[in-house]
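Undergrad: need a 3D model of the following:
(one chain, ligands or ions: 2)
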Amino acid sequence: MNAVSPESAGFPGLVDSHCHLDFPDFDGKMAEIREEMRANGVTHALCISVNLAGFPKVLDLAEAHDNFFATVGVHPDHEDRTAVDPARLVELARHPRVVAIGETGLDYYRVSGDLEWQRERFRAHIRAARECGKPLVIHTRQAAQDTLAIMREEGAGEVGGVMHCFTESQAVADAAVALGFHISFSGIVTFKNAGALKDVARQVPPERLLVETDSPYLAPVPHRGKINRPGLVRHVAEEVARLRGIALSELAAATTSNFFRLFKVGVG
Ligand SMILES: [Zn+2]
Ligand SMILES: [Zn+2]
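TA: Ligands and ions are numbered 1, 2, ... in the order given. Modelled structure (predicted):
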(Lines give C-alpha, C1' and ligand atoms only; values in the text may rest on other atoms or scores of the structure.)
(Ligands and ions follow the chains in the order given, each with its own letter.)
Protein backbone atom coordinates (compact mmCIF):
# COMPACT_ATOMS: atom_id res chain seq x y z
CA MET A 1 0.00 0.00 0.00
CA ASN A 2 1.29 3.37 -1.03
CA ALA A 3 0.99 5.74 1.94
CA VAL A 4 2.43 8.95 0.52
CA SER A 5 1.01 11.98 2.36
CA PRO A 6 -0.12 15.20 0.65
CA GLU A 7 2.99 16.96 1.98
CA SER A 8 5.30 14.52 0.16
CA ALA A 9 6.51 14.58 -3.43
CA GLY A 10 4.77 11.78 -5.30
CA PHE A 11 1.32 12.34 -3.76
CA PRO A 12 -1.14 11.83 -6.63
CA GLY A 13 -3.12 15.00 -5.80
CA LEU A 14 -6.76 15.51 -4.92
CA VAL A 15 -9.45 17.26 -6.96
CA ASP A 16 -12.39 19.19 -5.53
CA SER A 17 -15.06 18.10 -8.03
CA HIS A 18 -17.64 20.68 -6.92
CA CYS A 19 -17.21 24.18 -5.47
CA HIS A 20 -18.75 27.63 -5.80
CA LEU A 21 -15.70 29.88 -5.79
CA ASP A 22 -17.65 32.64 -7.57
CA PHE A 23 -19.75 33.21 -4.43
CA PRO A 24 -19.10 36.51 -2.58
CA ASP A 25 -17.61 34.60 0.41
CA PHE A 26 -14.43 34.23 -1.68
CA ASP A 27 -14.08 37.71 -3.18
CA GLY A 28 -10.47 38.86 -2.79
CA LYS A 29 -9.45 35.56 -1.19
CA MET A 30 -8.27 33.57 -4.20
CA ALA A 31 -4.56 33.71 -3.30
CA GLU A 32 -5.13 32.22 0.16
CA ILE A 33 -7.60 29.65 -1.20
CA ARG A 34 -5.07 28.50 -3.77
CA GLU A 35 -2.28 28.41 -1.19
CA GLU A 36 -4.42 26.26 1.10
CA MET A 37 -5.11 23.90 -1.83
CA ARG A 38 -1.36 23.56 -2.46
CA ALA A 39 -0.66 22.90 1.22
CA ASN A 40 -3.23 20.08 1.22
CA GLY A 41 -2.23 18.45 -2.06
CA VAL A 42 -5.39 19.63 -3.85
CA THR A 43 -4.31 20.17 -7.44
CA HIS A 44 -7.56 21.05 -9.25
CA ALA A 45 -11.11 22.28 -8.66
CA LEU A 46 -14.32 22.35 -10.69
CA CYS A 47 -16.18 25.66 -10.37
CA ILE A 48 -19.92 25.09 -10.63
CA SER A 49 -22.41 27.44 -12.27
CA VAL A 50 -25.79 27.96 -10.56
CA ASN A 51 -27.37 30.47 -12.97
CA LEU A 52 -26.57 32.09 -16.28
CA ALA A 53 -26.16 35.58 -14.80
CA GLY A 54 -23.35 34.25 -12.61
CA PHE A 55 -21.75 32.10 -15.29
CA PRO A 56 -19.25 34.74 -16.56
CA LYS A 57 -17.67 34.93 -13.09
CA VAL A 58 -17.38 31.12 -12.98
CA LEU A 59 -15.79 31.10 -16.43
CA ASP A 60 -13.41 33.91 -15.42
CA LEU A 61 -12.06 31.70 -12.63
CA ALA A 62 -11.42 28.85 -15.07
CA GLU A 63 -9.76 31.19 -17.56
CA ALA A 64 -7.56 32.86 -14.94
CA HIS A 65 -6.28 29.61 -13.38
CA ASP A 66 -5.27 26.58 -15.42
CA ASN A 67 -6.16 24.18 -12.58
CA PHE A 68 -9.77 25.43 -12.34
CA PHE A 69 -12.49 24.27 -14.70
CA ALA A 70 -16.07 25.50 -15.16
CA THR A 71 -19.57 24.13 -15.72
CA VAL A 72 -22.63 25.89 -17.11
CA GLY A 73 -26.14 25.43 -15.78
CA VAL A 74 -29.06 26.70 -13.72
CA HIS A 75 -29.50 25.19 -10.25
CA PRO A 76 -32.91 23.62 -9.47
CA ASP A 77 -33.30 26.06 -6.54
CA HIS A 78 -32.75 29.13 -8.71
CA GLU A 79 -35.93 31.17 -8.22
CA ASP A 80 -36.28 32.64 -11.71
CA ARG A 81 -38.57 30.12 -13.36
CA THR A 82 -37.92 31.28 -16.92
CA ALA A 83 -37.42 28.19 -19.07
CA VAL A 84 -33.79 27.35 -19.79
CA ASP A 85 -33.08 27.03 -23.50
CA PRO A 86 -30.92 23.96 -24.22
CA ALA A 87 -29.45 25.72 -27.27
CA ARG A 88 -28.16 28.53 -25.03
CA LEU A 89 -26.48 26.02 -22.70
CA VAL A 90 -24.89 24.25 -25.67
CA GLU A 91 -23.56 27.57 -26.98
CA LEU A 92 -21.99 28.48 -23.61
CA ALA A 93 -20.64 24.95 -23.14
CA ARG A 94 -18.65 25.26 -26.36
CA HIS A 95 -15.95 27.15 -24.43
CA PRO A 96 -12.98 24.79 -23.90
CA ARG A 97 -12.80 25.53 -20.14
CA VAL A 98 -16.43 24.39 -19.69
CA VAL A 99 -16.24 20.68 -18.98
CA ALA A 100 -19.81 19.82 -17.88
CA ILE A 101 -23.46 20.85 -17.81
CA GLY A 102 -24.89 21.74 -14.40
CA GLU A 103 -25.47 21.91 -11.71
CA THR A 104 -28.91 20.67 -12.51
CA GLY A 105 -31.36 18.18 -11.04
CA LEU A 106 -34.33 18.25 -8.68
CA ASP A 107 -34.75 19.66 -5.19
CA TYR A 108 -38.08 19.01 -3.48
CA TYR A 109 -36.67 20.10 -0.12
CA ARG A 110 -35.94 23.77 -0.72
CA VAL A 111 -38.65 24.44 -3.28
CA SER A 112 -42.27 23.29 -3.08
CA GLY A 113 -45.59 23.58 -4.92
CA ASP A 114 -46.03 22.53 -8.53
CA LEU A 115 -42.46 21.74 -9.59
CA GLU A 116 -43.09 20.87 -13.21
CA TRP A 117 -40.90 23.88 -14.13
CA GLN A 118 -38.03 22.27 -12.21
CA ARG A 119 -38.43 18.95 -13.99
CA GLU A 120 -38.56 20.75 -17.36
CA ARG A 121 -35.39 22.65 -16.46
CA PHE A 122 -33.67 19.37 -15.62
CA ARG A 123 -34.79 17.84 -18.93
CA ALA A 124 -33.43 20.88 -20.80
CA HIS A 125 -30.01 20.35 -19.19
CA ILE A 126 -29.90 16.67 -20.10
CA ARG A 127 -30.84 17.51 -23.70
CA ALA A 128 -28.08 20.13 -23.81
CA ALA A 129 -25.53 17.68 -22.38
CA ARG A 130 -26.40 15.08 -25.01
CA GLU A 131 -26.25 17.73 -27.72
CA CYS A 132 -22.75 18.90 -26.76
CA GLY A 133 -21.45 15.55 -25.51
CA LYS A 134 -20.44 16.86 -22.07
CA PRO A 135 -21.26 15.10 -18.79
CA LEU A 136 -23.84 16.24 -16.22
CA VAL A 137 -23.40 17.50 -12.65
CA ILE A 138 -26.60 16.44 -10.89
CA HIS A 139 -28.04 17.69 -7.61
CA THR A 140 -30.88 15.71 -6.02
CA ARG A 141 -32.60 16.35 -2.70
CA GLN A 142 -35.71 14.52 -1.53
CA ALA A 143 -36.39 13.76 -5.17
CA ALA A 144 -34.31 10.67 -5.93
CA GLN A 145 -36.97 8.62 -7.70
CA ASP A 146 -38.04 11.46 -10.02
CA THR A 147 -34.38 12.33 -10.64
CA LEU A 148 -33.57 8.78 -11.73
CA ALA A 149 -36.77 8.51 -13.80
CA ILE A 150 -35.96 11.69 -15.74
CA MET A 151 -32.34 10.59 -16.19
CA ARG A 152 -33.62 7.38 -17.78
CA GLU A 153 -36.34 9.04 -19.87
CA GLU A 154 -33.94 11.62 -21.27
CA GLY A 155 -31.05 9.25 -21.89
CA ALA A 156 -28.64 10.87 -19.42
CA GLY A 157 -26.55 7.68 -19.45
CA GLU A 158 -25.35 8.59 -22.94
CA VAL A 159 -23.14 11.34 -21.46
CA GLY A 160 -22.87 10.21 -17.82
CA GLY A 161 -21.72 12.54 -15.09
CA VAL A 162 -21.81 12.80 -11.34
CA MET A 163 -24.43 12.69 -8.58
CA HIS A 164 -22.88 15.45 -6.51
CA CYS A 165 -22.97 15.84 -2.71
CA PHE A 166 -24.46 12.38 -2.51
CA THR A 167 -26.74 11.78 0.49
CA GLU A 168 -29.09 9.10 -0.87
CA SER A 169 -29.40 5.36 -0.21
CA GLN A 170 -27.32 2.49 -1.52
CA ALA A 171 -30.17 1.62 -3.91
CA VAL A 172 -30.06 5.12 -5.44
CA ALA A 173 -26.27 4.93 -5.70
CA ASP A 174 -26.52 1.54 -7.42
CA ALA A 175 -29.12 2.89 -9.88
CA ALA A 176 -26.97 5.92 -10.71
CA VAL A 177 -23.86 3.76 -11.17
CA ALA A 178 -25.88 1.44 -13.44
CA LEU A 179 -26.74 4.51 -15.55
CA GLY A 180 -23.02 5.22 -15.93
CA PHE A 181 -22.81 7.93 -13.27
CA HIS A 182 -20.20 8.70 -10.64
CA ILE A 183 -20.95 9.32 -6.96
CA SER A 184 -19.34 12.30 -5.26
CA PHE A 185 -19.07 12.59 -1.48
CA SER A 186 -18.91 15.91 0.36
CA GLY A 187 -18.14 16.89 3.95
CA ILE A 188 -21.42 15.29 4.99
CA VAL A 189 -19.65 11.91 4.94
CA THR A 190 -17.42 13.15 7.79
CA PHE A 191 -20.37 13.97 10.07
CA LYS A 192 -20.85 11.65 13.04
CA ASN A 193 -24.56 11.13 12.34
CA ALA A 194 -23.98 10.07 8.69
CA GLY A 195 -23.83 6.34 9.39
CA ALA A 196 -25.89 5.17 6.41
CA LEU A 197 -23.94 7.43 4.05
CA LYS A 198 -20.63 6.12 5.40
CA ASP A 199 -21.83 2.64 4.40
CA VAL A 200 -22.56 3.85 0.86
CA ALA A 201 -19.06 5.37 0.71
CA ARG A 202 -17.64 1.91 1.42
CA GLN A 203 -19.59 0.32 -1.46
CA VAL A 204 -19.29 2.63 -4.48
CA PRO A 205 -17.05 1.03 -7.14
CA PRO A 206 -13.58 2.66 -7.01
CA GLU A 207 -13.78 3.73 -10.66
CA ARG A 208 -16.94 5.75 -9.94
CA LEU A 209 -15.85 7.64 -6.81
CA LEU A 210 -15.31 11.40 -6.60
CA VAL A 211 -14.83 13.83 -3.70
CA GLU A 212 -15.91 17.45 -3.37
CA THR A 213 -16.43 20.27 -0.91
CA ASP A 214 -19.51 22.11 -2.29
CA SER A 215 -17.72 25.21 -0.90
CA PRO A 216 -18.73 27.51 0.72
CA TYR A 217 -21.21 25.03 2.24
CA LEU A 218 -20.80 21.84 4.26
CA ALA A 219 -17.33 22.21 5.73
CA PRO A 220 -16.09 18.79 6.83
CA VAL A 221 -15.16 17.80 10.37
CA PRO A 222 -13.03 19.31 12.03
CA HIS A 223 -14.04 22.59 10.33
CA ARG A 224 -17.80 22.07 10.56
CA GLY A 225 -19.74 25.35 10.59
CA LYS A 226 -16.93 27.36 8.98
CA ILE A 227 -16.82 28.64 5.39
CA ASN A 228 -15.74 25.65 3.34
CA ARG A 229 -13.05 25.87 0.65
CA PRO A 230 -11.37 23.42 -1.77
CA GLY A 231 -8.31 22.69 0.40
CA LEU A 232 -10.60 21.01 2.91
CA VAL A 233 -11.53 18.28 0.42
CA ARG A 234 -8.58 16.51 2.00
CA HIS A 235 -10.72 15.80 5.08
CA VAL A 236 -13.48 14.32 2.92
CA ALA A 237 -10.94 12.13 1.12
CA GLU A 238 -9.32 11.04 4.39
CA GLU A 239 -12.67 9.92 5.74
CA VAL A 240 -13.64 8.01 2.57
CA ALA A 241 -10.19 6.36 2.53
CA ARG A 242 -10.57 5.41 6.21
CA LEU A 243 -14.02 3.93 5.56
CA ARG A 244 -12.67 1.88 2.65
CA GLY A 245 -9.57 0.80 4.56
CA ILE A 246 -7.15 2.23 2.01
CA ALA A 247 -4.41 4.88 2.13
CA LEU A 248 -5.28 8.49 1.33
CA SER A 249 -2.85 8.37 -1.60
CA GLU A 250 -4.70 5.40 -3.10
CA LEU A 251 -8.05 7.18 -2.74
CA ALA A 252 -6.52 10.33 -4.25
CA ALA A 253 -5.11 8.42 -7.22
CA ALA A 254 -8.51 6.81 -7.94
CA THR A 255 -10.71 9.88 -7.52
CA THR A 256 -8.34 12.14 -9.43
CA SER A 257 -8.04 9.82 -12.41
CA ASN A 258 -11.85 9.37 -12.35
CA PHE A 259 -12.21 13.15 -12.49
CA PHE A 260 -9.90 13.57 -15.47
CA ARG A 261 -11.48 10.71 -17.37
CA LEU A 262 -15.05 11.84 -16.72
CA PHE A 263 -14.48 15.50 -17.58
CA LYS A 264 -12.01 14.71 -20.40
CA VAL A 265 -9.30 17.05 -19.16
CA GLY A 266 -5.55 16.53 -19.08
CA VAL A 267 -3.44 16.71 -15.96
CA GLY A 268 -1.65 20.05 -15.50
ZN1 LIG B 1 -25.99 21.00 -5.26
ZN1 LIG C 1 -23.35 23.11 -5.66
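Undergrad: what does the average pLDDT come to for stretch 189-202?
TA: For stretch 189-202, the mean pLDDT works out to 97.
Undergrad: meant to ask about stretch 52-64
TA: pLDDT averaged over stretch 52-64 gives 98.
Undergrad: how about that stretch: buried residues?
TA: Using 16 or more other C-beta atoms under 10 Å as the burial criterion, the residues of stretch 52-64 that qualify are 52, 54-55, 58-59, 61-62. (Glycine included, C-beta is placed from N, CA and C.)
Undergrad: I'd say residue 134 and residue 100 touch.
TA: Yes: judged on C-beta atoms under 8 Å, residue 134 makes contact with residue 100 at a distance of 5.4 Å.
Undergrad: those two: which is more packed in?
TA: Higher neighbour count among residue 134 and residue 100: residue 100, with 31 against 25, using other C-beta atoms under 10 Å.
Undergrad: where does that one land in three-state SS?
TA: strand (DSSP: H, G, I helix; E, B strand; the rest coil).
Undergrad: can I assume it is in contact with residue 138?
TA: No: counting by C-beta under 8 Å, residue 100 sits too far from residue 138 to count as a contact (10.0 Å).
Undergrad: next secondary structure after the longest helix seen in the chain?
TA: For the chain, the longest helix by residue count, based on DSSP state H, is helix 116-132. As assigned by DSSP states H and E, the chain's next helix or strand after helix 116-132 is strand 136-141.
Undergrad: gap between that next one and the chain center?
TA: Offset of strand 136-141 from its chain centre (C-alpha atoms, centre = their mean, to the nearest Å): 8 Å.
Undergrad: quick one: residues in contact with the helix or strand just after that strand.
TA: Sequence order places helix 144-153 as the next helix or strand after strand 136-141, per DSSP H and E. For helix 144-153, the external contacting residues (C-beta atoms under 8 Å, 6 or more residues apart in numbering) are 105-106, 108, 119, 122-123, 126, 138, 140, 156-157, 168-169, 172, 175-176, 179, 181.
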